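Q: here you go, sequence then predicted model.
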Amino acid sequence: MIGVIAKPEDESIVAEFFELFKTPWEIHRPGRKYEVALCCGELKRRDIDADVLLLYSSEKTEFDTERKIQIQGRQKHPTFSYAGKSLPIYDQGVQFVGADFIAYADPVQNQTIVRVGYDLFREVRFLLTEGQPEENAASPTLDLHIALLRDLITGSGLPLVEIPPVPDGYSFIACMTHDVDHASLRRHKFDHTMLGFLYRSTVGSARDVARGRMSAGKLWTNCVAAAKLPFVYAGLARDPWLGFDRYTEIESGKPSTFFFIPFERRPGSSKAKDGEAPNSRGSRYDVSHVAARIPKLRAAGCEIGLHGIDAWSESSKGRVESERIAQFSGAREMGVRMHWLYWNENSPSELEAAGFSYDSTSGFNGAVGYRAGTSQVFKPLMANRILELPLHVMDTALFYPNHMNLPQNEAWKFMTPLIEHAESNGGTLTVNWHDRSIAPERLWGDFYVEMLHRLDARRAWFSTAMQAVSWFRKRRAAVFENSKITSPQGDGLPNLRLRIHQQRKARNLPEKHTDTGFQGCIEVTT
């Protein structure tokens with residue numbers, strides 16, 4: 001059991017942190033003996049009865065003076081190193097003499113004392129509210145905070161019980177999603193999208209071949225698609241962007257989620273200022289234009305969600321938008337991802353009031369990685385029920401010229417660490433591959449197929465977004481009761497895992513653990 005000493009205003013942060021690090025804990029009760037006491041800030045009490053005392057603070061404290069812990073310096077936004085990875089700190093951090101950001105004080109009455117040079121819950125608050133900047137997108141910062149705390153406990157000679165974010169029988173969850181922005185090329189006539197298609201299919205593709213970024217075969221495919229455009233408009237050739245059947249074929253047995261736009265030609269309200277967003281944000285289709293395709297997607301196990309326009313800013317508009325999608329999908333529960341990833345600090349409460357089960361907007365337009373610093377589904381701090389399924393990979397972020405602008409072979413340098421982290425840490429890897437991205441002129445389908453193969457080889461559970469969120473709700477509902485854990489069962493989802501981390505007799509020894517799948521109730525023995 002971990003006894004947590006934190007500021008009263010941080011207790012909601014503490015509770016959410018320990019939904020992500022699912023291990024027994026409680027707010028510290030004076031007079032009770034704990035295996036671990038975790039304190040953030042100045043330690044006011046000196047009679048903490050715990051085998052291990054972990055003190056996190058970004059300030060020089062009286063405790064440091066008493067225990068003769070020497071501080072080398074205090075720095076704003078430092079980057080520390082942990083387990084061979086960069087650990088960015090978004091507030092203040094202190095470095096200790098002869099160490100980096102962790103110092104071990106002399107034991108007192110056999111109590112192990114560890115001093116960590118930042119405020120853990122202040123960092124967690126920042127990550128779950130503001131999120132990381134794009135330059136730190138590659139860092140799973142929140143997951144590293146959890147891993148560090150786990151290592152400090154087991155490295156101090158204690159065993160640890162945990163329900164990891166890993167479905168039993170799998171390594172992690174893979175959520176393949178599709179924002180449907182341009183369901184049909186035929187609906188674009190002499191606008192910037194059509195003209196862009198013609199340019200990128202011909203001149204742009206020829207330039208990419210010359211630069212070694214595209215094969216001659218893809219150039220030919222794009223040029224043929226451009227030549228067929230008049231026949232597409234005349235209804236004599238297949239619309240190359242109407243590719244839902246192709247996705248269900250590629251993903252056979254791997255259900256995905258499609259987010260559809262509710263209303264045509266509505267740019268919605270502006271994120272930056274009062275008034276409307278740019279006209280280019282308004283789509284040239286809406287869900288009614290693809291209604292005939294939805295039953296086939298549902299039959300393939302796919303989920304239908306909302307690609308919201310104004311739901312992020314006003315719950316009443318969110319309800320109207322979700323009702324429009326439900327009219328054609330028949331869904332009683334619905335998730336949302338905002339078009340152009342529009343979002344502000346009030347969005348979780350507005351989306352929750354509109355009745356959405358989850359949101360999947362937390363991500364980057366111009367980078368791949370971890371905006372909230374985690375691969376886990378989490379509850380936004382300004383909400384009571386809605387969960388956030390973080391978005392990690394977007395095709396346009398990888399390949400668009402005004403974003404990362406990567407050739408496909410170089411994109412794997414950024415994708416592989418994300419897959420490896422998911423395999424070792426659990427959680428989800430959420431991918432957004434737009435509806436038209438496997439068609440001319442993008443032709444990113446071969447990369448997508450290879451991604452599916454690599455995820456499959458790493459034993460991912462391919463789920464819809466709603467299924468992934470439901471599994472995390474099940475994990476959140478698990479309760480530690482003395483020597484038992486109880487959890488929901490009979491929901492058709494993979495079981496949870498009980499993980500027991502063995503104690504380490506020395507801090508430099510490798511971590512070892514045993515896993516047991518369970519549902520319902522399980523006895524815990526360490």
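A: Thanks, I have the structure now.

Q: so Leu53 sits in a strand?
A: Yes - counting by DSSP: H, G, I helix; E, B strand; the rest coil, Leu53 falls inside a strand.

Q: beta partners of it?
A: Beta bridges link Leu53 to Ala37, Ile113 when assigned by DSSP bridges.

Q: pretty sure it sits against Gln111.
A: Yes - assessed by C-beta atoms under 8 Å, Leu53 is found in contact with Gln111 at 5.8 Å. Every residue, glycine included, has its C-beta placed from N, CA and C.

Q: and these two? Which one has more around it.
A: Shown here are Leu53 and Gln111; by other C-beta atoms under 10 Å, Leu53 has more neighbours (25 against 15).

Q: now do the same for that one: its pLDDT.
A: Note for Leu53: predicted pLDDT of 94.

Q: so what's it up against?
A: With contacts defined as C-beta atoms under 8 Å, 6 or more residues apart in numbering, the neighbours of Leu53 are Val36, Ala37, Cys39, Gln111, Thr112, Ile113, Val114.

Q: and stretch 295-311, how far out from the chain's middle?
A: Remark: stretch 295-311 is offset 20 Å from the chain centroid, using C-alpha atoms, centre = their mean, to the nearest Å.

Q: and it, what's its mean pLDDT?
A: 97.

Q: hey, C-alpha coordinates of it in PDB?
A: Provided in PDB are the C-alpha atoms of stretch 295-311 (Å, rounded to 0.1, in the frame of the first residue of the first chain):
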ATOM      1  CA  PRO A 295     -24.300  -1.000 -42.800                       C
ATOM      2  CA  LYS A 296     -21.400  -2.800 -44.500                       C
ATOM      3  CA  LEU A 297     -18.900  -1.100 -42.200                       C
ATOM      4  CA  ARG A 298     -21.000  -2.100 -39.200                       C
ATOM      5  CA  ALA A 299     -21.200  -5.700 -40.500                       C
ATOM      6  CA  ALA A 300     -17.400  -5.800 -40.700                       C
ATOM      7  CA  GLY A 301     -17.300  -4.900 -37.000                       C
ATOM      8  CA  CYS A 302     -16.300  -1.300 -37.500                       C
ATOM      9  CA  GLU A 303     -17.500   1.600 -35.300                       C
ATOM     10  CA  ILE A 304     -19.100   4.800 -36.500                       C
ATOM     11  CA  GLY A 305     -18.200   8.000 -34.600                       C
ATOM     12  CA  LEU A 306     -18.500  11.700 -35.000                       C
ATOM     13  CA  HIS A 307     -15.900  13.900 -36.700                       C
ATOM     14  CA  GLY A 308     -17.100  17.000 -34.900                       C
ATOM     15  CA  ILE A 309     -17.400  20.500 -36.100                       C
ATOM     16  CA  ASP A 310     -18.500  22.600 -33.100                       C
ATOM     17  CA  ALA A 311     -19.000  19.900 -30.500                       C
END
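
Q: buried sites along that stretch?
A: Residues 297-298, 300-311 are the ones in stretch 295-311 that count as buried (16 or more other C-beta atoms under 10 Å).

Q: can you add secondary structure and distance to Lys254 and give those residues back as a markdown table?
A: Putting the buried residues of stretch 295-311 into a markdown table (DSSP: H, G, I helix; E, B strand; the rest coil; distance: C-beta to C-beta, whole Å) gives the following:
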| residue | secondary structure | distance to Lys254 |
| --- | --- | --- |
| Leu297 | helix | 13 |
| Arg298 | helix | 15 |
| Ala300 | coil | 10 |
| Gly301 | coil | 9 |
| Cys302 | coil | 10 |
| Glu303 | strand | 12 |
| Ile304 | strand | 16 |
| Gly305 | strand | 17 |
| Leu306 | strand | 22 |
| His307 | strand | 21 |
| Gly308 | strand | 25 |
| Ile309 | coil | 29 |
| Asp310 | coil | 32 |
| Ala311 | coil | 27 |
